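Enquirer: need the 3D shape of this:
(2 chains)
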There are 2 protein chains.
Amino acid sequence: MSKQKATNITRHAGATTRSDRSQLLGQRGCLVWLTGLSGSGKSTIAFELERLLIERGRAAYVLDGDNVRHGLNSNLGFSDEDRAENIRRIAEVGALFVDAGIITITAFISPFQKDRAQARDRLADGEFFEVWINTPLEICEQRDPKGLYKKARAGEITDFTGIDSPYEAPADPELTIANDQGSAKDAAEQILKRLEASDCLRAGSA
Amino acid sequence: MSKQKATNITRHAGATTRSDRSQLLGQRGCLVWLTGLSGSGKSTIAFELERLLIERGRAAYVLDGDNVRHGLNSNLGFSDEDRAENIRRIAEVGALFVDAGIITITAFISPFQKDRAQARDRLADGEFFEVWINTPLEICEQRDPKGLYKKARAGEITDFTGIDSPYEAPADPELTIANDQGSAKDAAEQILKRLEASDCLRAGSA
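Expert: Predicted coordinates:
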């Protein structure tokens, strides 16, 4: 992204740089990529984190199923190919938001290591935070907020992550949240602490 | 977009609203949609406008061929279907940026009225500014910054807007720029003035 942008700058003399946007916002864009089972708490934690950031004067935004699946990715289904394309587009949009200087939070199951690695590869070192919301399957299934586990167990939906489709746990995430113990607010505060220990909340040219 | 977001809020108690983001940034997100022939000056004007906005402390971002065609839309070609999908995705990403509170500027030929109308329909009243960069074909062809008109005239590329594919002029754009007379800076200042006359540069709940 930053390399591509640099090309723009050469061609459009006097154009704004990523650094200008960073100075204005007093932060660097980064992508906080939440991954975990359905019902693990990703969206709730994402919105809690957004709230904490906005309260602290940070420009933040959540990409999740509600604003992406019904819009940008409304023409994708759940085949292997469509699932990969779903994550690819989210990573690309995330990279645009990061380039714009926004602290961007994504909340998608994103079960496959390969897809998450591609998302990471789109960004520079220190811009991507893989956060594993490691809520055990049993707890997710008890919660079952959308009734999807029930349907998956009944065979009404197939290829459901954790039931008849694998969840590939992150090998080396920036952070792991054992969400069965704490609240969404606790989880969001842990992530915030991780961001505060990084360069994201300071203006910079990266 | 705003309606969809409202659904989120119901489900995620205490989540940030669009209004919170607007208050933080002191502006409302909007989409400045530049349309015009290849070589009309769209990208140059877009980056000039972004610079003027950032200088005034506004969070702004340009979506153009360089950061979209090589990323999000890298799997699209130039068939009619792919062109429509290209514009659809840009409109969807634009709507996400607007929801995030950013003054978003798109710089794509977007020759078809139907596609631009779809982009407008994604947003609320007052959030979409269609700006026609009405540089005459003769001037665009003289400039030919990428050598594309030459190739189109030679038949090396086909379906080229203005040569063997139509450009459908906006029927009722928010602004028309006759760019053959002025500089890109003049054009950007005209657009800025139009934005200043709107609600976009003030915080609000819209």
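Enquirer: contacting residues for A:Thr158?
Expert: Applying C-beta atoms under 8 Å, 6 or more residues apart in numbering or on different chains to A:Thr158 gives the contacts A:152, A:164. Quick note: C-beta positions are derived from backbone N, CA and C, even for glycine.
Enquirer: for it, grab phi and psi.
Expert: Backbone torsions of A:Thr158, given as degrees, to the nearest 10, read phi -120, psi 170.
Enquirer: excluding sequence neighbours, find me the nearest residue to A:Ile109.
Expert: A:Thr161 (5.3 Å; C-beta to C-beta, 6 or more residues apart in numbering or on different chains).
Enquirer: oh, I was asking about A:Ala178
Expert: Spatial nearest neighbour of A:Ala178, excluding adjacent residues (C-beta to C-beta, 6+ apart): A:Asn134 at 5.5 Å.
Enquirer: can you list the low-confidence ranges for chain A?
Expert: Residues of chain A meeting the criterion pLDDT under 70: A:1-14, A:179-180, A:205-206.
Enquirer: before we move on, back to that, measure the residue nearest to A:Ile109 to B:Asn67 for me?
Expert: According to C-beta to C-beta, to the nearest Å, A:Thr161 and B:Asn67 sit 31 Å apart.
Enquirer: swap in A:Gly65?
Expert: According to C-beta to C-beta, A:Gly65 and B:Asn67 sit 24 Å apart.
Enquirer: can stretch A:183-197 be said to contact chain B?
Expert: No. Among the residues of stretch A:183-197, none lie within reach of chain B under C-beta under 8 Å from any C-beta of the partner chain; the closest is 8.9 Å away.
Enquirer: name the surrounding residues that touch that stretch.
Expert: Outside stretch A:183-197, the residues that touch it by C-beta under 8 Å, 6+ apart are A:30, A:32, A:41, A:44-45, A:48-49, A:51-53, A:103, A:129, A:131, A:133, A:174-175, A:177, A:179, A:201.
Enquirer: surely the residue nearest to A:Ala178 touches A:Gly182?
Expert: No. With contact defined as C-beta atoms under 8 Å, A:Asn134 does not reach A:Gly182; the gap is 11.7 Å.
Enquirer: what's the single longest helix in chain A?
Expert: For chain A, the helix with the greatest residue count under DSSP state H is helix A:80-99.
Enquirer: so what does that one touch, helix or strand wise?
Expert: Contacts defined by 3 or more C-beta pairs under 8 Å, 6 or more residues apart in numbering or on different chains; DSSP states H and E place helix A:80-99 against strand A:30-35, strand A:60-64, strand A:103-107, helix A:113-121, strand B:60-64, helix B:80-99.
Enquirer: in the sheet, which strands lie alongside the first one, parallel or antiparallel?
Expert: So that's strand A:30-35. Applying DSSP bridges, strand A:30-35 is found paired with strand A:103-107 (parallel), strand A:128-133 (parallel).
Enquirer: count of residues packed around A:Glu196?
Expert: Neighbour count of A:Glu196, defined by other C-beta atoms under 10 Å in any protein chain shown: 11.
Enquirer: hmm, back to that, looking at the strands paired with strand A:30-35, which is closest to B:Leu37?
Expert: Closest approach to B:Leu37 among those is made by strand A:103-107 (33.6 Å; C-beta to C-beta).
Enquirer: give me the contacts around that closest one.
Expert: Outside strand A:103-107, the residues touching it (C-beta under 8 Å, 6+ apart) are A:27, A:29-34, A:42-43, A:45-46, A:49-50, A:53, A:58-65, A:90, A:94, A:97-98, A:195, A:200-201.
Enquirer: more neighbours: which of A:Gly65 and B:Asn67?
Expert: Remark: of A:Gly65 and B:Asn67, B:Asn67 carries more neighbours, 21 against 18, as counted by other C-beta under 10 Å.
Enquirer: that older thread, run through the bridge partners of the residue nearest to A:Ile109.
Expert: Beta-bridge partners recorded for A:Thr161 (DSSP bridges): A:Ser165.
Enquirer: what sits against A:Thr176?
Expert: A:Thr176 makes contact with A:131-132, A:134, A:170, according to C-beta under 8 Å, 6+ apart.
Enquirer: farthest-separated two in those?
Expert: Maximum distance among these (C-beta to C-beta): 9.6 Å, for A:Val131 and A:Asn134.
Enquirer: so what sits against both of these two?
Expert: Contacts common to A:Val131 and A:Asn134, judged by C-beta under 8 Å, 6+ apart, are A:176-177.
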